[in-house]
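J.: Please find the sequence and the predicted model below.
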Amino acid sequence: MRVPKLISAMAGRDLWSWVIVIVLFTLVTALVSRPVENLLSDLLSSTSSPFVGKPDGVVVVAIGEETLKQFPYRSPIDREFLAGVVAAVAKARPKAIGIDILFDQATEPAKDGELARVIAETVAGGVPVVIANAMEEDGLDAKQVEWLNSYAPEAFRGLATLARDRFDGVVREIFPGREEDGQWVAGFTQAMAGYPGQPADTSRRTMVYYRTEHSEPFAFPQYPAESAAFLPAEWFADKYVLIGVDLKLDDRHPTPFIIPNGISAGTLPGVVIHAHLLQQILNGDEVRSLAWPLLAALGSVAAILCWWIAYRPLPILLKPVAITGLLMLVWLIAWLSYSRLAIHVPVVAPTVVIGGVAALLTFLAWKRDSDERRFLQRAFSQYVSPAIVDTIVADPDSLKLGGERRTITCVFTDLEGFTSFSESLAPEEIAGLLNEYLDRMCNLFVEAGATIDKVVGDAVVGFFGAPTEQQDQANQAVGLALAIDRFSEGFRKELAARGMTLGVTRVGIH
């Protein structure tokens, strides 16, 4: 088989060179894979995910620039105003109220007390209230954490942390919460959904973003905070209401929607991202990943196909087309899996691996074929005409082991009286004379397109019709015989001028 020969050839070379190549290739794959995979995942999430439609159940009450214009200061947000917003929403009997604002320091005592009182009354009235929580790990100091934990003790707490990617800052994963002092502290949306306890799966699962058919982020119902007291109660009834800021320069985070919509439209307020997260938990939607055994099996199949394509003796332009087709198939499977089943199939690492392996194997296959061509040229060029050598190099499989029945035409030559002639000359003279004669004789065979079978003493044996077929072999043999006769007669005359009598060259054709 040809593939084991490749393995043997690789093993026979400098092992450390191959180790270095493999290590460098692995490092490049690791460096390139994640950032590019993230970009492709963002593109699929924002343009091709199956989560299209109108999620129902989550509304946002936003504190925007118009809201803040009515206060003498922007931060902290006026807590008396917040108390009025919470009270207005609570009258509609929502399922829960989430306040995505950190209360990490005191403001005006009367206003602080008013908001705490409204929160306590709302909870006592049967409407859960969740307020954003944070720890020193999130950037607060010990005094801020202490004040935050002591404020409005009746409310539930949820860490408002968003799982931003360390490389590009995009929010792609659910933050379920974390352990603090041996106790589980739920994430903000986990607490909002009524799951303050530690979930069975504490890993950061892929986040679901709901989108429109035009690849834009779904716009959850959003109402200005200053108008909350005047809105119909049914807009909040039996809903999960999130209260947070929607400001151009505060609490905004990049999302996958940056890819199709640009930075401005793809950067969403934290409270809106929490709305997507909460809706995902409520719906039970999930982006799944292929199990490693299945992913490894698919990768192995792709690698084997890549090996077979790259190492086959195919036309040079067909190999890149076939490899490109294989890569397109991998990408098509990944797109269909995500857009139809919400299953994420990694494509960057397989693409790099398939492309790298294909390039390496194609190079080795080219090297193998080049070595074979050079070997054939060296092996046959001394005995076969260049045209026949080119034919053999172009189609080495035409040389079949075991032989085959074929019509050939043989040409035999013999010098008359050469034995007695050689006895009259010194050994060095006869050697030089014979070499000159045979050299010119063999050239005639090669020039005529014959294959030299053997040289025995002064006799030369050649044939036409093998190893490649020659349609006009009989005429070629006759032409060679006539050329031999012309050469031998001329050679005899040259020797006669030097005082030596050489016999005639007898030629036979069979």
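T.: Happy to help now that I have it.
J.: by contact count, what packs against the helix or strand where residue 475 lies?
T.: Using DSSP states H and E, residue 475 falls within helix 473-497. When contacts are defined as 3 or more CB pairs under 8 Å, 6 or more residues apart in numbering; DSSP states H and E, helix 473-497 sits against strand 409-415, helix 427-447, strand 459-464, strand 505-509. Where you see a C-beta, it was placed from the backbone N, CA and C, and this is true even at glycine.
J.: In the sheet, which strands lie alongside the third one, parallel or antiparallel?
T.: The one in question is strand 459-464. Applying DSSP bridges to the sheet, strand 459-464 is found paired with strand 409-415 (antiparallel), strand 451-456 (antiparallel).
J.: Now do the same for the residue sitting furthest away from the middle of the chain: helix, strand or coil?
T.: Relative to the C-alpha centroid of the chain, counting by CA atoms, centre = their mean, residue 499 is the outermost residue, at 80.2 Å. Using DSSP: H, G, I helix; E, B strand; the rest coil, the secondary structure recorded for residue 499 is coil.
J.: so how far is residue 425 from it?
T.: As defined by CB to CB, to the nearest Å, residue 499 lies at a distance of 11 Å from residue 425.
J.: Check residue 121 and give its pLDDT.
T.: Here the pLDDT value assigned to residue 121 is 97.
J.: before we move on, which element is it in?
T.: In the assignment (DSSP H and E), residue 121 maps to helix 109-124.
J.: what residues does that helix touch?
T.: Helix 109-124 is contacted from outside by 78-80, 82-83, 86-87, 90, 97, 103, 106, 129, 131, 151-152, 154-155, using CB atoms under 8 Å, 6 or more residues apart in numbering.
J.: Determine which stretch of the strands paired with strand 459-464 is the most buried.
T.: Highest mean neighbour count of these: strand 409-415, a mean of 20 (counted as mean count of other CB atoms under 10 Å).
J.: mind listing what's buried in the next helix-or-strand element following it?
T.: Towards the C-terminus, the helix or strand next in line after strand 409-415, according to DSSP H and E, is helix 418-423. Within helix 418-423, the residues that qualify as buried are 418, 421, 422, counting by 16 or more other CB atoms under 10 Å.
J.: repeat for stretch 209-225
T.: Within stretch 209-225, judged by 16+ other CB under 10 Å, the buried ones are 209, 210, 211, 215, 217, 218, 220, 221, 222, 223, 225.
J.: Could you do stretch 320-339 as well?
T.: Neighbour count says stretch 320-339 has 322, 323, 326, 327, 330, 334, 335, 337, 338 buried, by 16+ other CB under 10 Å.
J.: would you list those residues in CSV and tack on pLDDT and secondary structure?
T.: What follows is the buried residues of stretch 320-339, written out as CSV (pLDDT from 0 to 100; DSSP: H, G, I helix; E, B strand; the rest coil):
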residue, pLDDT, secondary structure
322, 82, helix
323, 81, helix
326, 83, helix
327, 85, helix
330, 86, helix
334, 91, helix
335, 94, helix
337, 93, helix
338, 94, helix
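J.: Tell me the one among the residues you listed nearest to residue 493.
T.: The nearest member of those to residue 493, counting by CB to CB, is residue 322 at 62.7 Å.
J.: Please tell me how far residue 331 sits from residue 128.
T.: Look at residue 331 and residue 128: by CB to CB, they are 45 Å apart.
J.: for residue 171, same thing?
T.: To residue 128, residue 171 is 25 Å away according to CB to CB.
J.: Same question for residue 108.
T.: Here the criterion is CB to CB. By it, residue 108 lies 27 Å from residue 128.
J.: So between the two, which is more surrounded?
T.: A direct count of neighbours by other CB atoms under 10 Å for residue 108 and residue 128 places residue 128 higher, at 19 against 12.
J.: Was I right to think the more buried one contacts residue 194?
T.: Yes: the pair residue 128 and residue 194 passes the contact test of CB atoms under 8 Å, sitting 7.4 Å apart.
J.: Common neighbours of those two, please.
T.: When contacts are counted by CB under 8 Å, 6+ apart, residue 128 and residue 194 have residue 96 as shared neighbours.
J.: quick check: domain ranges of the chain?
T.: As given by automatic domain parsing, the domain ranges for the chain are 2-44+288-373, 50-283, 399-509.
J.: what's the distance between the first one and the middle of its chain?
T.: In terms of CA atoms, centre = their mean, to the nearest Å, the centre of domain 2-44+288-373 is found 8 Å from the chain centre.
J.: now the shortest one
T.: Per CA atoms, centre = their mean, the displacement of domain 399-509 from the mean C-alpha position of its chain is 62 Å.
J.: What is the burial count for residue 134?
T.: As a burial measure, the neighbour count of residue 134 was computed by other CB under 10 Å and equals 19.
J.: from memory it sits against residue 140, does it?
T.: Yes: shown here, residue 134 and residue 140 form a contact pair, counting by CB under 8 Å, at 5.2 Å.
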